[in-house]
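Visitor: kindly generate the corresponding structure for this input.
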Amino acid sequence: MLQQTGWYLTERARYPEAQPLLEQAYALSMHLQGSEHLDTARDALTLGYLYKHQGKYEEAESLFQRALSIDEKAYGRDHPDVAAGLNNLAELYREQGKYEQAEPLYQRALAIREQQLGEMHPNTAQSLNNLAYLYQAQGKYEQAEPLYQRALAIREQQLGEMHPDTAGSLNNLAGLNRDQGKYEEAESLYQRALAIYTKVFGPQHPGTRTIQRNYDALLEEKQ
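Guide: Numbers count the residues shown, from 1 in each chain. Take a look at the predicted model:
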C-alpha cells in the first residue's frame with residue numbers, strides 16, 4: 001500500500017508527499033524480505049525513480065544498481081527484466097550527460113532483448129530508439145539513423161502505422177533529420193507523427209502539442 005500510494009503521488013509530481021512513503025516501503029522490504037528479495041528490488045526501483053525526478057542522481061544510481069543486481073541474481077544476466085534495469089540505469093546516466101557510461105548499458109539491454117524477445121519485438125524497438133537518441137545527443141548522426149529506422153519499421157509492423165509509439169519514432173527520426181538540416185525529410189515525418197497523435201488523442205493532448213511545437217520550430221528554421 002505504501003509503495004502503490006507513493007508511486008501514484010510520484011506520477012503526479014507530488015514528490016514531497018511521495019518521498020516518506022516510498023522510503024518507508026523500501027526500508028520495510030529491506031527489514032522484512034531482505035536485501036536480495038525481488039520485493040526489495042521493486043521498492044528500490046520505485047524510490048530510485050522518485051530521486052531521479054528530484055535530481056538526486058547519486059541516490060537514484062545506488063538504488064537502480066541495487067535493483068539491477070537483485071534481478072541479475074534472481075533471473076540471470078540475460079533476462080528481459082535485467083534489460084529493463086540496464087535501461088533504467090542508462091537513462092539516468094544519459095540525463096546527466098554521462099554518455100560513455102550509458103552506451104554499454106543500452107547496448108547490453110538491446111542485445112538481451114534481441115536474443116530473448118526477438119529482433120521485431122516492441123521492446124527491442126524501444127532499446128533501438130534509446131541507443132539512437134544517445135548517439136544523436138552526441139552528434140553521431142550516422143550511427144543514430146539506422147537505429148531509428150529499425151525502431152520505426154518494427155513499430156509500424158508490430159503495432160500498426162497509427163500507433164502512438166509509431167508516431168514517437170516518426171517524431172524522433174524527424175528530429176534527427178532536422179538536426180542535420182534535412183528539412184524536407186523532417187517535415188514529412190513530423191506531419192505523419194502529428195496526424196497520428198491528433199487522430200488518436202486529439203489536438204490538445206500534451207503529446208500532440210509537443211509534436212506540433214517541434215513541427216512549428218522546423219518551419220521557422222526553414223524560413
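
Visitor: how distant is the lowest-mean-pLDDT helix or strand in the chain from the center of its chain?
Guide: None of the helices or strands of the chain scores lower by mean pLDDT, DSSP states H and E than helix 2-11, at a mean of 90. In terms of C-alpha atoms, centre = their mean, to the nearest Å, the gap separating the centre of helix 2-11 from the centre of its chain is 19 Å.

Visitor: go on, stretch 69-87?
Guide: Its chain's C-alpha centre and that of stretch 69-87 lie 16 Å apart, by C-alpha atoms, centre = their mean.

Visitor: got a list of contacts for that stretch?
Guide: Stretch 69-87 has contacts (C-beta atoms under 8 Å, 6 or more residues apart in numbering) with 35-38, 40-41, 44-45, 64, 67-68, 105-106, 108-110, 112-113, 115-117, 123, 126-127, 130. (Each C-beta comes from the backbone N, C-alpha and C, glycine too.)

Visitor: recalculate using a threshold of 10 Å.
Guide: 34-42, 44-45, 64-68, 102, 104-117, 121, 123-124, 126-127, 130-131 (C-beta atoms under 10 Å, 6 or more residues apart in numbering).

Visitor: now do the least confident helix or strand of the chain: which elements does it pack against?
Guide: The contact analysis (3 or more C-beta pairs under 10 Å, 6 or more residues apart in numbering; DSSP states H and E) places helix 2-11 against helix 15-32, helix 38-53.

Visitor: for the closest residue to residue 68 other than its chain neighbours, what is the enclosing helix or strand?
Guide: Spatial nearest neighbour of residue 68, chain neighbours left out: residue 85 (3.8 Å); criterion: C-beta to C-beta, 6 or more residues apart in numbering. Residue 85 is part of helix 80-95, with elements assigned from DSSP states H and E.

Visitor: in CSV, list the C-alpha atoms belonging to that helix.
Guide: Provided in CSV are the C-alpha atoms of helix 80-95 (Å, rounded to 0.1, in the frame of the first residue of the first chain):
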residue,chain,number,x,y,z
PRO,A,80,14.3,-9.3,-20.2
ASP,A,81,13.8,-7.8,-16.7
VAL,A,82,17.5,-7.3,-16.5
ALA,A,83,17.4,-5.5,-19.8
ALA,A,84,14.8,-3.1,-18.3
GLY,A,85,17.1,-2.5,-15.3
LEU,A,86,20.0,-1.8,-17.6
ASN,A,87,17.8,0.7,-19.5
ASN,A,88,16.8,2.5,-16.3
LEU,A,89,20.5,3.0,-15.2
ALA,A,90,21.5,4.0,-18.7
GLU,A,91,18.7,6.6,-18.8
LEU,A,92,20.0,8.0,-15.5
TYR,A,93,23.5,8.4,-16.9
ARG,A,94,22.2,9.9,-20.2
GLU,A,95,20.2,12.6,-18.4
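
Visitor: got the domain boundaries for the protein?
Guide: The chain breaks down by automatic domain parsing into domains covering 1-75, 77-140, 153-223.

Visitor: pop out the phi and psi values for residue 54.
Guide: When read as degrees, to the nearest 10, the backbone of residue 54 gives phi -90, psi 0.

Visitor: returning to that earlier point: buried residues in the helix holding residue 85?
Guide: 80-94 (16 or more other C-beta atoms under 10 Å).
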